[in-house]
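S.K.: quick one, structure for this:
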Amino acid sequence: MPSQDDVFKEICNLVEAGAAEMGVPLGSDIESMLRDRYFKWIVVVKPEVGKSAMDVWDEEAGKKIQGAFSAIGRAAAQSCKDSGGTAVDAAEGTTAAQEIEGQSDCPFCPPPFEG
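M.R.: Sure thing, here's the model as predicted:
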């Protein structure tokens, strides 16, 4: 099983790859936004699931989670392009995360955005 740090690095890489698919780099504040939003979440065991995202990261459920992070990168990059920006910023990343999480039926998604 990967460590919390390993999963976080993969999250950053997945978001970056998703944005790169759209031809947009990540800004310097994205990693901090992702850390604030997801680092603790990686190891939280949701009572209704009985496992954390880290527990299933290398399983089929984890692959679905990984796909969502790529989608966050794509959505944030599209928002950046739409606004004429040159690099995805934390606000675009947060909005994209909320959008993708809100559309997901994944039982591991964080609760609605808390700040």
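S.K.: list the buried residues for the helix or strand hosting Ile100?
M.R.: Using DSSP states H and E, Ile100 sits in helix 90-103. Residues 90, 92-94, 96-98, 100-101 are the ones in helix 90-103 that count as buried (16 or more other CB atoms under 10 Å). (C-beta placed from N, C-alpha, C; glycine too.)
S.K.: low-confidence ranges, the protein, go.
M.R.: Confidence mapping of the chain against pLDDT under 70 gives the ranges 111-115.
S.K.: how about 80 then?
M.R.: Along the chain, segments meeting pLDDT under 80 span 110-115.
S.K.: what residue lies at the spatial centre of it?
M.R.: Phe69 (3.8 Å; CA atoms, centre = their mean).
S.K.: residue contacts, that residue?
M.R.: The neighbours of Phe69, taking CB atoms under 8 Å, 6 or more residues apart in numbering as the test, are 10-11, 14-15, 18.
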